[in-house]
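Undergrad: Need coordinates for the following:
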Amino acid sequence: MDQHVCPTYHRLLSRVAAALFVPVLLAACTEDAPTVATKVSRPVKTVLVQAPDVGGIRRFPARIDALNKAELAFRVAGTVHKLAVKEGDRVKKGQLLAILDPTDYKIAVKDAQASFDRAKNDFKRAKELVKKGFISRSDYDAKGAAWKNTQVALERANKNLAYTKLKASFAGTVAQRYVQPFEEVRAKQAIVALHDRSRLEVKINVPETVILGIRASGGERPEPDAVPVTAAFDSRPGEEFELTLREVATRADPATQTFEVTFTMPAPQDFLVFPGMTATVTADFSGVTDGTPRLFLPATAVTADSDLEPFVWVVDEANMQVTKTPVEVGRLRGSSIEIKAGLEVGERVVVAGVGYLAAGMQVRLLPEREEAEPRADEGPCS
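TA: Residues are numbered from 1 along each chain as shown. I've put the predicted structure just below:
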């Protein structure tokens, strides 16, 4: 072979060999590299299984409100001429609270009075003329209708003039003034807030577990007012006031799952209690509970397998995996369901997204304000 050709041939062979060797080397490196498995933790909303906390003495924070309260307003618009009360003043029923400038309404009354007088005289003349046959019966009826219309207009004008005076609809205390003298106000715009402090409302929020733990006796549940209830104020230690049940909300607050219970009490005579203040309510549930612990969970925690057997997902907090746990369910109460068997107090149960879990699945706990949402690429599994 030519000595000039031979070096060129050798360089070409070297380049081809290098091109073939690089992919083989990369493939070998790829095969030897370890595969790293990434564990995906599903976020879930959970609750701890708790027995109803009932029986014995229970205490609840309470808030005070006025039994009767109203925001009073003028029925007509105008300029505030006078405010006759100040915040904190006690007023009697029918007492004058505020006055609008009556000038325009007095003029309206005079105009309506003039129209009424003219229509009345026209009707009297028409009454004589129809007897003599000088006018038709229809003309006479028209005069009578015009007189009645002006009578209604006069009554309306007088009422509007009377509405320029705002009076207390019940005895109470002026809690707040919303306007100032010489201010233009609209009809039905709040002028003052009036509270009746002779009787007070005491409101508490009772947990769902307490409501569920009240026993049924003889097929009937005990009356709520069978529970002795008293209120105490921090400023009067050792002094308690008996409360009278007024109403019990039958729908739980969706955020707190508590039921609002309202009591009433006479206003204390030797110290002041204003709406917005707080108190402590003490209730004795020992007479209406049987002491039998009952477990309740949100109904969304319970699902069923292919054989329609109910179960829940219990979170093992040691390894953060879920376990399928069969349960025996009982009565359904609102958004909660009774668990007769299968769970113990203190276990953590998934209450949202249960249809998207599988045994042994890794999970992480959501804060209470979040909800578990299914991913688009996943379907329910049992």
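
Undergrad: What segments of the stretch 1-150 of the chain are strands?
TA: Here the stretch 1-150 of the chain has its strands, by DSSP state E, counting those that start in this stretch, at 42-48, 57-73, 78-83, 90-91, 96-100.

Undergrad: now for those strands, which one comes closest to V315?
TA: Nearest to V315, of all those, is strand 42-48, at 5.8 Å by CB to CB. (Glycine included, C-beta is placed from N, CA and C.)

Undergrad: circling back: what about the strands of the stretch 1-150 of the chain, which gets the closest to M361?
TA: Short answer: strand 42-48, nearest of the strands of the stretch 1-150 of the chain by CB to CB, at 6.1 Å.

Undergrad: how far away is the nearest residue to I135 once chain neighbours are set aside from S115?
TA: Leaving aside its chain neighbours, I135 sits nearest to L129 (4.6 Å; criterion: CB to CB, 6 or more residues apart in numbering). From L129 over to S115 the distance is 21 Å, taken as CB to CB, to the nearest Å.

Undergrad: Any regions of the chain where pLDDT drops low?
TA: Applying pLDDT under 70 to the chain picks out residues 1-39, 51-56, 209, 212-226, 287-294, 334, 368-382.

Undergrad: tell me the domain boundaries of it?
TA: Following automatic domain parsing, one gets these domains for the chain: 1-33, 44-51+295-365, 57-66+197-284, 69-192.

Undergrad: Could I get the ones you listed in a markdown table, plus columns for mean neighbour count?
TA: Output for those, formatted as a markdown table (neighbours: other CB atoms under 10 Å):
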| stretch | mean neighbour count |
| --- | --- |
| domain 1-33 | 9 |
| domain 44-51+295-365 | 16 |
| domain 57-66+197-284 | 15 |
| domain 69-192 | 15 |
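
Undergrad: Torsion angles phi and psi at the residue nearest to E344 when sequence neighbours are not counted?
TA: Spatial nearest neighbour of E344, excluding adjacent residues (CB to CB, 6+ apart): V49 at 6.8 Å. The phi and psi values for V49, taken as degrees, to the nearest 10, are phi -70, psi 130.

Undergrad: Do I have it right that V49 meets V351?
TA: No - the criterion here is CB atoms under 8 Å, and V49 misses it with V351 at 10.7 Å.

Undergrad: Need the residues touching each of these two.
TA: L297 (CB atoms under 8 Å, 6 or more residues apart in numbering).
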